[in-house]
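Novice: Next comes the sequence, and after it the predicted model I'd like to discuss.
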Amino acid sequence: MAKFIIVVFSFLGLLFVSCNDATNKRNQTDQLVVGQTVKTSLADSAIVYKTDNFIVHRLSNHIYQHISFLNTNDFGRVACNGMLIVNDKEALVLDTPTDDESSLELINYVTKNLNSKIRVVVPTHFHGDCVGGLETFFEYNIPAYASHSTIELLGANGKVFSKPMIGFTDSLVLDIGNEKAYVEYFGEGHTKDNVVGYFPLDNAIFGGCLIKEVDASKGNLEDANIMAWSNTVRKLKQKYPTAKIVIPGHGIAGGTELLDYTIKLFQ
């Protein structure tokens, strides 16, 4: 009888361990799935508009990632990001699409699909992937704000536009409906003039080319300050440590892990 009881308890113990193992494995699998979902949720957000040369992702209630393409000698056809903020039928565009055609698609999408008016466009630095479609915005009487440094660098590189841009020094506050958006200079990195956009309502950062997607290479360093880059991003993270959405200049959006990756990449 005693042996029978020992056998039964041994069997129950093995069954309990087995059940625990199965539960733990299931929990680990669930956690993995949840983790993957969180990691890819921004990247896999609904595509609300798509053509061969232009894409719009909706990332939150007010934040959209617009994607256009640039043909380069060194990197081939490159997808380039910008951020669109929409609130109370008003919109702000950070970085134009790369060309006039894609810029017209963005303007039409905002005005016709979202029934909103673009109040202003802000290039975050002087490279072509930020200003390539600026003339189209001017054609629709949309004003452009840029840092004095960006305006100076555009002029120095022979980029002349039909209308002047409105300059600011280190920071800019813009009304988007009943909310505010912020544009700020944190220091040199990808270029000496790169600025960053922030929309507090959705806790969203547009890092532009200052910020890299996770696992990205260092990319175009022609105008970069590699020594200052990490420290500049540290300042950004210190100011917005709880950011939920971070959009890089190229690649997949995410959270503050993009800031951490960029800091490490240029240390």
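Specialist: Good, I have the coordinates.
Novice: contacts, neighbours, all on C-alpha from now
Specialist: Will do.
Novice: can you give me the strands for the stretch 1-150 of the chain?
Specialist: 47-50, 54-58, 63-72, 76-87, 90-94, 117-122, 145-147 (DSSP state E, counting those that start in this stretch).
Novice: Please render the ones you listed as JSON lines that adds distance to residue 238, mean neighbour count and mean pLDDT to the earlier fields.
Specialist: Output for the strands of the stretch 1-150 of the chain, formatted as JSON lines (distance: least, CA to CA, whole Å; neighbours: other CA atoms under 10 Å; pLDDT from 0 to 100):
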{"stretch": "strand 47-50", "distance to residue 238": "31", "mean neighbour count": "14", "mean pLDDT": "97"}
{"stretch": "strand 54-58", "distance to residue 238": "26", "mean neighbour count": "21", "mean pLDDT": "98"}
{"stretch": "strand 63-72", "distance to residue 238": "22", "mean neighbour count": "21", "mean pLDDT": "96"}
{"stretch": "strand 76-87", "distance to residue 238": "22", "mean neighbour count": "21", "mean pLDDT": "97"}
{"stretch": "strand 90-94", "distance to residue 238": "22", "mean neighbour count": "23", "mean pLDDT": "98"}
{"stretch": "strand 117-122", "distance to residue 238": "23", "mean neighbour count": "21", "mean pLDDT": "98"}
{"stretch": "strand 145-147", "distance to residue 238": "22", "mean neighbour count": "24", "mean pLDDT": "98"}
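Novice: closest to residue 235 out of those?
Specialist: Across the strands of the stretch 1-150 of the chain, residue 235 has its closest neighbour in strand 145-147 (18.6 Å, CA to CA).
Novice: Run me through the strand neighbours of the closest one, direction for each.
Specialist: strand 166-168 (parallel) (DSSP bridges).
Novice: Just the buried residues of the strand it pairs with, please?
Specialist: 167, 168 (16 or more other CA atoms under 10 Å).
Novice: if you average pLDDT over that strand, what comes out?
Specialist: Here strand 166-168 scores 98 as its mean pLDDT.
Novice: residues in contact with it?
Specialist: 143, 144, 145, 146, 147, 148, 151 (CA atoms under 8 Å, 6 or more residues apart in numbering).
Novice: any idea which helix or strand comes after it?
Specialist: strand 171-176 (DSSP states H and E).
Novice: Mind listing what's buried along that next one?
Specialist: Using 16+ other CA under 10 Å as the test for burial, strand 171-176 gives 172, 176.
Novice: No more questions from me, cheers.
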